[in-house]
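1. generate a structure from the sequence data that follows.
(chains A and B)
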Number of protein chains: 2
Amino acid sequence: MTERCSYAARYINRGQVSASATAFAPANIALCKYWGKRNRTLNLPLTSSLSVSLGTHGTTTTIEFSEHDTLTLNEKQIGLESTNASAKAFAERLWEYIDLFREPGECLAVRTSNTIPTAAGLASSASGFAACTKALNDLFGWQADDAALSRLARLGSGSACRSLWHGFARWNAGVREDGDDCYAEPFGSDWPDLRLAVCPVDTSQKPVSSRDAMNATVANSPLFRGWEACVTRDLCAIETSIINQDFERLGKTAERNALAMHATMLGCETPILYWLPATVDAIHQAARLRADGIPIYVTIDAGPNPKLLYQQQHEAVIAAQWPDAMLITPWSA
Amino acid sequence: MTERCSYAARYINRGQVSASATAFAPANIALCKYWGKRNRTLNLPLTSSLSVSLGTHGTTTTIEFSEHDTLTLNEKQIGLESTNASAKAFAERLWEYIDLFREPGECLAVRTSNTIPTAAGLASSASGFAACTKALNDLFGWQADDAALSRLARLGSGSACRSLWHGFARWNAGVREDGDDCYAEPFGSDWPDLRLAVCPVDTSQKPVSSRDAMNATVANSPLFRGWEACVTRDLCAIETSIINQDFERLGKTAERNALAMHATMLGCETPILYWLPATVDAIHQAARLRADGIPIYVTIDAGPNPKLLYQQQHEAVIAAQWPDAMLITPWSA
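-> Just a heads-up that it's a prediction; the model follows:
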């Protein structure tokens, strides 16, 4: 039994099995980023993080017992022999995850579809593994609680542990080597006028995967030793700003946290620069709008596409300045 | 007597005074950057740095005894009452420096002119204070040695201590609180086919001065705690690559050192981002050229203007890709 298998086994007990189960999980964007692992096998992070979910944008996954293993992604069947490298990698990762939970000989048909337009360049692994975990919970009758599902989703993809709920989620890094105290929980209350916009400046495959970039940063960027202090500084400010619904503090802190994360990668022996000219342009454009009294802030994940944080009343400004942006309402009316 | 005054007094003895003295000093660009002070009064740095001078591009300064203090910069007279803020700041800084050395009642006429086109956006304070120090040495007959002149120039502007020579100069940070072991020295030998190109993407005044950015980084960027390790990593590699005239290693190391310096500023409570879209474009363009087998690297000082490192044989590529670039030959034929 592998370390991942025995970890998973601690949180599940198979109960009444269903023939089929379907679940949805939203995508999420971290306001205080997850960057750096203390355990790569169990996806235990070095620092805590906090995200907001993307409303109806996410992944719906249906799993049912079947004669053979089949995997369908966005209506397209994907085999382990696929010639599309990223589809093949996704299939390998998903089956490796499902293998943690199924009995020998059990075959499954998995149909997963993302409601996040691929053109938005948003990662779907968080919502994908969260939806898969929820569907498996129903299929195998685990009746696991949220903390257990969050721990399990984490094994698929670290940030998936934050995608089990709508709204804000805080992922506690924990300190235990066995990872028992490492899971996400909902945080704060609804914030209906909070908005996000995703600006797709380049949605082609990244030159370096997030996972490789994160591992390189931890391994050889001398700047990474300051990252934990950045999170200590920013996480507390973000939590307070959520509780007080203080948008400017939330935005300012989320922006500096994202810039600091990208900065740690620039310190690598072979620097990693995800930003493109349009990424930097968005940062400066947001600063100019703020100077004009319109509070708009930027966050950027491990890629070039800026995401803007704004309030409902400034939607027209966003639409005018970033006509290609995809506007997201985390809390639907 | 101020701390700066008594520091200066340790390295000078007035000898045979001349009526007038003229000196030239080249500008320099750091390949391993100076970023962060351990003593702001004496300009003692936290880390060592290494630069290359810019050939004939620099500052020529003439100082002579006069009835009244006068200061001419690039043929234009500048008074302390000037309405041009940057000219006024320059005048204040220069007279404050000269006051360290002159007797009460002595008036001087200072004429200084930069051979660096203002449009290149290159700092002239390093060559300016170095030329001023050399001229004062001749005017007051100090007969100071190079190490002493380097220490004195440092009081005017930190990086000025590297501008007393042509070629490479290494500024040793030193460890002494009194700053006696903190000065620059020539390093390595000539490297005739080494070239630099300055790409002026924005030469307007910077939103944050280098000095303020450096002090903010030291004061509140958690990422700065990794900077010393970046310098330890990079300085040794740069020295070895100069000794071996290994251009690719020099370029790769200088580029990552510059990116790491900019990264430390992104960690500030209020992040400092000097880069513009064209800055990032130059970094990616150089990477694409390297992928095509043409070794071109980027370094960037505290501002948006990229400087390219290349070898003579690739000058045509530089001229084609960056038609606005100013091409610099550190060692003239």
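2. quick check, the residue in the stretch 51-200 of chain A closest to chain B?
-> Ranked by C-beta to the nearest C-beta, the top residue of the stretch 51-200 of chain A for proximity to chain B is A:Cys199, at 13.7 Å. Where C-beta positions appear, they are placed from N, C-alpha and C, glycine not excepted.
3. residue contacts, that residue?
-> If you count contacts by C-beta atoms under 8 Å, 6 or more residues apart in numbering or on different chains, A:Cys199 has them with A:Ala278, A:Ala282, A:Asn305, A:Pro306, A:Lys307, A:Leu308, A:Trp322, A:Asp324, A:Ala325.
4. what distance do you get for it to B:His68?
-> 58 Å (C-beta to C-beta, to the nearest Å).
5. what does A:Ala237 give?
-> 55 Å.
6. spell out which residues of chain A are next to chain B.
-> Chain A comes close to chain B at residues A:221-230, A:233, A:255-256, A:259-260, A:262-264, A:266-271, A:273, A:275-281, A:283-284, as judged by C-beta under 8 Å from any C-beta of the partner chain.
7. now, which of those lie within helices?
-> A:227-230, A:233, A:255-256, A:259-260, A:262-264, A:266, A:277-281, A:283-284 (DSSP state H).
8. may I have stretch A:250-270 as PDB, with CA atoms only?
-> Only the C-alpha atoms of stretch A:250-270 are listed here, as PDB (Å, rounded to 0.1, in the frame of the first residue of the first chain):
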ATOM      1  CA  LEU A 250      -8.500  42.800   0.300                       C
ATOM      2  CA  GLY A 251      -7.400  43.900  -3.200                       C
ATOM      3  CA  LYS A 252      -4.200  45.600  -2.200                       C
ATOM      4  CA  THR A 253      -3.200  42.500  -0.200                       C
ATOM      5  CA  ALA A 254      -4.200  40.000  -2.800                       C
ATOM      6  CA  GLU A 255      -2.200  41.900  -5.400                       C
ATOM      7  CA  ARG A 256       1.000  42.100  -3.400                       C
ATOM      8  CA  ASN A 257       0.700  38.500  -2.500                       C
ATOM      9  CA  ALA A 258       0.500  37.400  -6.100                       C
ATOM     10  CA  LEU A 259       3.400  39.700  -7.100                       C
ATOM     11  CA  ALA A 260       5.500  38.200  -4.300                       C
ATOM     12  CA  MET A 261       4.700  34.700  -5.500                       C
ATOM     13  CA  HIS A 262       5.900  35.500  -9.000                       C
ATOM     14  CA  ALA A 263       8.900  37.200  -7.500                       C
ATOM     15  CA  THR A 264      10.000  34.000  -5.800                       C
ATOM     16  CA  MET A 265      10.200  32.300  -9.200                       C
ATOM     17  CA  LEU A 266      12.400  35.100 -10.600                       C
ATOM     18  CA  GLY A 267      15.000  34.100  -8.000                       C
ATOM     19  CA  CYS A 268      15.400  30.600  -9.500                       C
ATOM     20  CA  GLU A 269      18.800  29.500 -10.900                       C
ATOM     21  CA  THR A 270      17.000  29.500 -14.200                       C
END
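9. pLDDT on it, on average?
-> Stretch A:250-270 comes out with an average pLDDT of 98.
10. need the helices for the stretch 101-250 of chain A, in chain order.
-> Using DSSP state H, counting those that start in this stretch, the helices of the stretch 101-250 of chain A run over A:125-139, A:146-156, A:210-220, A:227-243, A:247-266.
11. okay if I get the ones you listed as TSV plus distance to A:Leu194 and mean neighbour count?
-> Converted to TSV, the helices of the stretch 101-250 of chain A look like this (distance: least, C-beta to C-beta, whole Å; neighbours: other C-beta atoms under 10 Å in any protein chain shown):
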stretch	distance to A:Leu194	mean neighbour count
helix A:125-139	19	26
helix A:146-156	23	24
helix A:210-220	25	18
helix A:227-243	9	20
helix A:247-266	7	24
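12. columns distance to A:Ser332 on top of these, output as TSV?
-> Listed next are those as TSV, based on distance: least, C-beta to C-beta, whole Å:
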stretch	distance to A:Ser332
helix A:125-139	16
helix A:146-156	21
helix A:210-220	28
helix A:227-243	19
helix A:247-266	19
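13. quick one: which of these is nearest B:Leu139?
-> With C-beta to C-beta, the closest approach to B:Leu139 among the helices of the stretch 101-250 of chain A belongs to helix A:247-266: 44.9 Å.
14. now that closest one against helix B:227-243, angle please.
-> 30 degrees (axes from the mean of the first three to the mean of the last three C-alpha atoms, to 10 degrees).
15. now A:Ala144, what are its backbone angles?
-> When read as degrees, to the nearest 10, the backbone of A:Ala144 gives phi -70, psi 150.
16. I figured it was touching A:Arg10, is that so?
-> No - if you go by C-beta atoms under 8 Å, A:Ala144 and A:Arg10 don't touch, sitting 10.8 Å apart.
17. comparing the two, which residue is more hemmed in?
-> A:Ala144 (20 against 12; other C-beta atoms under 10 Å in any protein chain shown).
18. how about the contacts made by the more buried one?
-> A:Ala144 makes contact with A:Tyr11, A:Ile12, A:Asn137, A:Leu152, according to C-beta under 8 Å, 6+ apart.
19. repeat for A:Leu289
-> A:Ile296, A:Val317, A:Gln321.
20. at 7 Å what do you get?
-> By C-beta atoms under 7 Å, 6 or more residues apart in numbering or on different chains, the residues touching A:Leu289 are A:Ile296, A:Val317.
21. just the buried positions in whichever strand or helix holds it, please.
-> If you go by DSSP states H and E, A:Leu289 is part of helix A:277-291. In terms of neighbour count (16 or more other C-beta atoms under 10 Å in any protein chain shown), helix A:277-291 has its buried residues at A:Pro277, A:Ala278, A:Thr279, A:Val280, A:Asp281, A:Ala282, A:Ile283, A:Gln285, A:Ala286, A:Ala287, A:Leu289, A:Arg290.
22. any weak-confidence spans in chain A?
-> For chain A, the stretches flagged by pLDDT under 70 are A:118-120, A:333.
23. okay, now the residue nearest to A:Ser48 when sequence neighbours are not counted: neighbour count?
-> Distances taken as C-beta to C-beta, 6 or more residues apart in numbering or on different chains put A:Ala173 closest to A:Ser48, at 4.5 Å, once the chain neighbours are dropped. For A:Ala173, the neighbour count with other C-beta under 10 Å is 19.
24. ok, now A:Leu196?
-> A:Leu196: 22 neighbours (other C-beta under 10 Å).
25. which residues does it contact?
-> So A:Leu196 contacts A:Ile29, A:Leu54, A:Lys307, A:Leu308, A:Leu309, A:Ile328, A:Pro330 (C-beta under 7 Å, 6+ apart).
26. switch the cut-off to 10 Å
-> Taking C-beta atoms under 10 Å, 6 or more residues apart in numbering or on different chains, we find A:Leu196 in contact with A:29, A:31, A:52, A:54-55, A:57, A:299, A:307-310, A:318, A:325-330.
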